[in-house]
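> show me how the following folds:
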Amino acid sequence: MAARTQPRDAQTGRYGFEGQWDRLCVCGHRLGVHTADAPHECMVRDFDKTAAPCDCMKFRPSRKRA
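All right, here's what the predicted structure looks like:
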């Protein structure tokens, strides 16, 4: 099994996405507009009131690279 390269949270044991803030979610928004705490809900409406409502329940990395 390959070693994980992502940082792991010592309290929760979850792997994070440190340093990958431009990574796209399947909802089309970047990781940087999702909450810091798991499950990383999308907050695009908090930053841009004119943005279309997003029903993203958690950050799921898109297979497409930016």
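
> output the below-cut-off pLDDT ranges for this structure.
Applying pLDDT under 70 to the chain flags residues 1-6, 16-18, 64-66.

> got the phi/psi numbers for the closest residue to Phe47 other than its chain neighbours?
The shortest distance from Phe47 to any non-neighbouring residue, by C-beta to C-beta, 6 or more residues apart in numbering, is to Val33 (6.0 Å). No exception for glycine: its C-beta is placed from N, CA and C like everyone else's. Recorded main-chain torsions at Val33 are phi -100, psi 10, according to degrees, to the nearest 10.

> roughly how far does Val33 sit from Gly13?
Here Val33 is placed at a distance of 25 Å from Gly13 (C-beta to C-beta, to the nearest Å).

> between these two, which is the more surrounded one?
Val33 (22 against 7; other C-beta atoms under 10 Å).

> please list all residues in contact with that one.
Taking C-beta atoms under 8 Å, 6 or more residues apart in numbering, we find Val33 in contact with Cys42, Met43, Val44, Phe47.

> so which of those residues sit within helices?
Secondary structure from DSSP state H places Val44, Phe47 of those in helices.

> top of the contacts of Val33 by neighbour count?
Neighbour-wise, the contacts of Val33 (other C-beta under 10 Å) top out at Cys42, 23 neighbours.

> neighbours around the nearest residue to it once chain neighbours are set aside, how many?
The shortest distance from Cys42 to any non-neighbouring residue, by C-beta to C-beta, 6+ apart, is to Cys56 (3.8 Å). Applying other C-beta under 10 Å, we find 19 residues neighbouring Cys56.

> I figured Cys56 hits Arg30, correct?
No. Judged on C-beta atoms under 8 Å, Cys56 makes no contact with Arg30 at a distance of 11.5 Å.
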